[in-house]
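Trainee: sequence first, predicted model second:
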Amino acid sequence: MTRPQYVGQRSSRMENLITLFGSLGIGVYLLLHYGAFSFNQTFHLTTSLLVQTASHADLSLPSIHVTLMPEQLVLQCVLLLGGVPLIYQLLSKLARGQVGADILAAVSIITASYLHEYLAGSLVVLMLSGGAVLEAYAVRKASSVLEALASRLPTIAHKKQSDSIIDMHTDQVSIGDVLVIYPHELCPVDGLVIEGVSTMDESYLTGEPYLMEKTTGSAVMSGAINGTSALTIKATKLAIDSRYAKIMTVMENSQQHRPTLRRLGDQLGSYYTPLALVIACLAWWLSADEMRFLAVLVIATPCPLLIAIPVTIISSISLAAKREIIIKNPAILETISSCSTAIFDKTGTLTYGRPVLTKIYPIPSIDEREVLSLVASVERFSKHPLSSAIINAATHAGVSLVEVTDITEAPGAGMTGVAAKKTITITHRKNILLSTAAANMPQLPPVCDGLECLILIDNQYVATMQFRDEIRADSSSFITHLQPNHLFNKVMLVSGDRESEVRFLAEQVGIKHVFYNQSPEQKLALVRAETAKAKTIFLGDGINDAPALMAATIGIAFGQNSDITSQAADAVIMNSKLLKVDELIHIGKRMRIIALQSAIGGMGLSIVGMVMASMGLISPINGALAQEFIDLFAVLNALRAAIPPKNLTDF
């Protein structure tokens, strides 16, 4: 797979260099001007030029007088090498009709250079390039998603030929080839099992929360993780057409159509910039004094937008990290409070992604607790995915366990053991129906929703155990509070799981909009359709969720189960608690409030200063000093975002 290229990577590198060069330049200036080895000497150079005319008379041209100050020369280099490229970019934006606060910053850089206020101009250069570096997160993240996906792509297949096994690249596998999948390996291509019994983890591909048993005739998918036993499969699809490759294709498509977020600074700057320019031009026109124009622009430098908002965002990112929330795309903090549609995956998001024993259906002649005691006693010695659910249920019920002998667990045939002088068999419906003893058994009950296992005592059916994916304890209360507390108009459940499982969960937690058996392609299409109507939040944790995470306005990944999912998301909840999602929403709301306070408050003070400057009450130098005090107010207020409040949740 070739590495994707993205527009803007080259400009991002340039802005990184400008930020580094600007920081060094300003640092050298401060060292020369204020340091212990301050160097304030000024060099004056005077040159004169004699030109000989056609009549051989000497004509003396006016002398050229140049003043060189080393400390100012450093800042002039910053303005030349850093300011000129940034101004060119900003003029390009202006040509495309994109008017923001940074356009005013470009005018400020030019004005500062004209006024010989090189330090002020260099600081604006540093602010502009630093903000651009922050914006580059999204581009780098989109690239890392595909790289992470490609790194997990199965590349080697073990082909069986006669009595030998040869390794080959998955691209060389043909339909009908017989392949061996060793324990704990990734399945290389889609196929059918022709030999062996094992389990496979397909949860990140399909959304099914359980380890799926695989035996002769079972379908397997590329990218699934094999269990503890080897399997022999026959390839039914080429690698390029297999399930994992399809998800990669969907991912590439989704990153190309990812929604963009308009930054808060740009929104405010689209109003502030024209106003500042109008005041400056009116001051010049009415007074015929260009110094008033310059004074207005100096005090209008949009530092509350260029510095205070990023400081607020960085402070909020720091607060989120302390709450075990990793913010990968800072822009979401400005937008999350305005989202009105929440879309949830099922497995690992609203559920724990692990089976739990929900019901035992015994025949009338046997007690439920007796069945649980006997079965749990046998399951203590099993490695089956459902054994832990049975043992946990027995522990919670407080039933006593008995000694077990003669334990057998043949792959695909279930488990048998002798407990309390009774032969206990734990198996599935298919084995019973195919057994020779099926004709002598009473009619079996209907198939349960979720997963089930059937219990035999002395070769007679006695009970059915039903299992479901365990619902998170806080799922219902979290879903219920979204509309009244956060104004979400629509809450949706979208899962690749079966209808019965998805509808059961939806009923338990109170979700009305339900979609089941959804492939990654279908999830992506659904999320795109909803995002076109309103701003969306998507929460998921599997590889099959990655395209939808990228297509939503904001994608939130639960835990670190998949590096691909974490890379695709805008934020990662490290400890997989819905409480942390609520905290993230509150951090975003709080960040926006503090950012607006800093930006609007700073702009308000700047406007007052601009009016005074337009009246000739403030000179350019005093305007620069006044702007510094305004910046100090805005930044100090912005730093409040890092201070944790008493409460960050409301459910």
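Mentor: Nice, I can see it. Quick caveat: nothing in here was measured; it's all calculated off a predicted structure. Numbers count the residues shown, from 1 in each chain.
Trainee: so where is the stretch 451-600 of the chain shaky, pLDDT-wise?
Mentor: Per-residue confidence of the stretch 451-600 of the chain (counting by pLDDT under 70) places the weak regions at 542-543, 559-566.
Trainee: show me where it has strands.
Mentor: Applying DSSP state E, counting those that start in this stretch to the stretch 451-600 of the chain gives strands spanning 451-457, 460-471, 490-494, 513-515, 536-540, 554-558, 571-573.
Trainee: and residue 393, which of those strands is closest to it?
Mentor: Counting by Cβ to Cβ, residue 393 lies closest to strand 460-471 out of the strands of the stretch 451-600 of the chain; the figure is 8.7 Å. (C-beta placed from N, C-alpha, C; glycine too.)
Trainee: one step back: JSON lines for the strands of the stretch 451-600 of the chain, including mean neighbour count and distance to residue 29?
Mentor: Formatted as JSON lines, the strands of the stretch 451-600 of the chain follow (neighbours: other Cβ atoms under 10 Å; distance: least, Cβ to Cβ, whole Å):
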{"stretch": "strand 451-457", "mean neighbour count": "22", "distance to residue 29": "70"}
{"stretch": "strand 460-471", "mean neighbour count": "20", "distance to residue 29": "61"}
{"stretch": "strand 490-494", "mean neighbour count": "21", "distance to residue 29": "55"}
{"stretch": "strand 513-515", "mean neighbour count": "15", "distance to residue 29": "59"}
{"stretch": "strand 536-540", "mean neighbour count": "28", "distance to residue 29": "45"}
{"stretch": "strand 554-558", "mean neighbour count": "29", "distance to residue 29": "41"}
{"stretch": "strand 571-573", "mean neighbour count": "26", "distance to residue 29": "39"}
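Trainee: redo the ones you listed as TSV? Include distance to residue 273.
Mentor: Conversion of the strands of the stretch 451-600 of the chain to TSV gives the following (distance: least, Cβ to Cβ, whole Å):
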stretch	distance to residue 273
strand 451-457	61
strand 460-471	51
strand 490-494	36
strand 513-515	42
strand 536-540	30
strand 554-558	28
strand 571-573	31
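Trainee: for the ones you listed, which one sits closest to residue 637?
Mentor: Per Cβ to Cβ, nearest to residue 637 of these: strand 571-573, 24.4 Å.
Trainee: just checking: what are the partner strands of that closest one?
Mentor: Strand 571-573 has the following strand partners under DSSP bridges: strand 325-327 (antiparallel), strand 554-558 (parallel).
Trainee: any chance of CSV for those strands, columns distance to residue 373?
Mentor: Formatted as CSV, those follow (distance: least, Cβ to Cβ, whole Å):
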stretch, distance to residue 373
strand 325-327, 43
strand 554-558, 36
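Trainee: follow-up on the earlier one: and the strands of the stretch 451-600 of the chain: which comes nearest residue 501?
Mentor: Distances from residue 501 to each of those were compared using Cβ to Cβ; the shortest belongs to strand 460-471, at 6.6 Å.
Trainee: one step back: out of the strands paired with strand 571-573, flag the one nearest residue 362.
Mentor: Relative to residue 362, the nearest member of the strands paired with strand 571-573 by Cβ to Cβ is strand 554-558, separated by 36.4 Å.
Trainee: please save the CA atoms from that closest one in CSV.
Mentor: Taking Å, rounded to 0.1, in the frame of the first residue of the first chain, the C-alpha atoms of strand 554-558 are listed here in CSV:
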residue,chain,number,x,y,z
ILE,A,554,-16.6,14.5,16.0
GLY,A,555,-15.4,11.0,16.5
ILE,A,556,-14.8,9.6,20.0
ALA,A,557,-13.0,6.3,20.5
PHE,A,558,-13.5,4.2,23.6
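Trainee: hmm, who's touching it?
Mentor: Under the contact criterion Cβ atoms under 8 Å, 6 or more residues apart in numbering, strand 554-558 has outside partners 332, 335-336, 339, 348-349, 535-541, 545, 548-549, 565-566, 568-573, 576, 581, 584.
Trainee: quick one, which of the strands of the stretch 451-600 of the chain is nearest to residue 188?
Mentor: Proximity to residue 188 (Cβ to Cβ) singles out strand 536-540 among the strands of the stretch 451-600 of the chain, at 25.3 Å.
Trainee: partners of that closest one in the sheet?
Mentor: strand 341-344 (parallel), strand 554-558 (parallel).
Trainee: the shortest one: what's the following helix or strand?
Mentor: So that's strand 341-344. Stepping forward along the backbone from strand 341-344, the first helix or strand reached (DSSP states H and E) is strand 351-362.
Trainee: tell me how far that next one is from the chain's mean position?
Mentor: Its chain's C-alpha centre and that of strand 351-362 lie 31 Å apart, by Cα atoms, centre = their mean, to the nearest Å.
Trainee: who's in contact with that strand?
Mentor: Outside strand 351-362, the residues that touch it by Cβ under 8 Å, 6+ apart are 203, 209-210, 347, 368, 371-372, 385-386, 388-390, 392-393, 445, 448, 450-451, 462-472, 475, 505, 541.
Trainee: what's the angle from that strand to strand 460-471?
Mentor: Strand 351-362 and strand 460-471 meet at an angle of 160 degrees, taking axes from the mean of the first three to the mean of the last three Cα atoms, to 10 degrees as the criterion.
Trainee: where in the stretch 301-450 of the chain is pLDDT low?
Mentor: Where the stretch 301-450 of the chain drops to pLDDT under 70, the residues are 302-307, 411-412, 434-443, 448.
Trainee: strands along that one, start to end?
Mentor: If DSSP E, counting those that start in this stretch is used as the criterion, the strands of the stretch 301-450 of the chain fall at 325-327, 341-344, 351-362, 404-408, 415-419, 422-427.
Trainee: pick the most deeply packed of those.
Mentor: Across these, averaging neighbours per residue (mean count of other Cβ atoms under 10 Å) puts strand 341-344 on top, at a mean of 24.
Trainee: CA atoms only: put it into CSV for me.
Mentor: What follows is strand 341-344 as a C-alpha-only set of coordinates in CSV (Å, rounded to 0.1, in the frame of the first residue of the first chain):
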residue,chain,number,x,y,z
THR,A,341,-27.1,14.1,17.0
ALA,A,342,-25.3,11.3,19.0
ILE,A,343,-24.6,8.0,17.2
PHE,A,344,-23.4,5.0,19.3
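Trainee: picking that back up, so which of the strands of the stretch 451-600 of the chain comes closest to residue 220?
Mentor: strand 451-457 (18.8 Å).
Trainee: what's in contact with the closest one?
Mentor: Outside strand 451-457, the residues that reach it (Cβ under 8 Å, 6+ apart) are 210, 355, 366, 371, 374-375, 386, 414, 422-429, 432, 444, 461-468.
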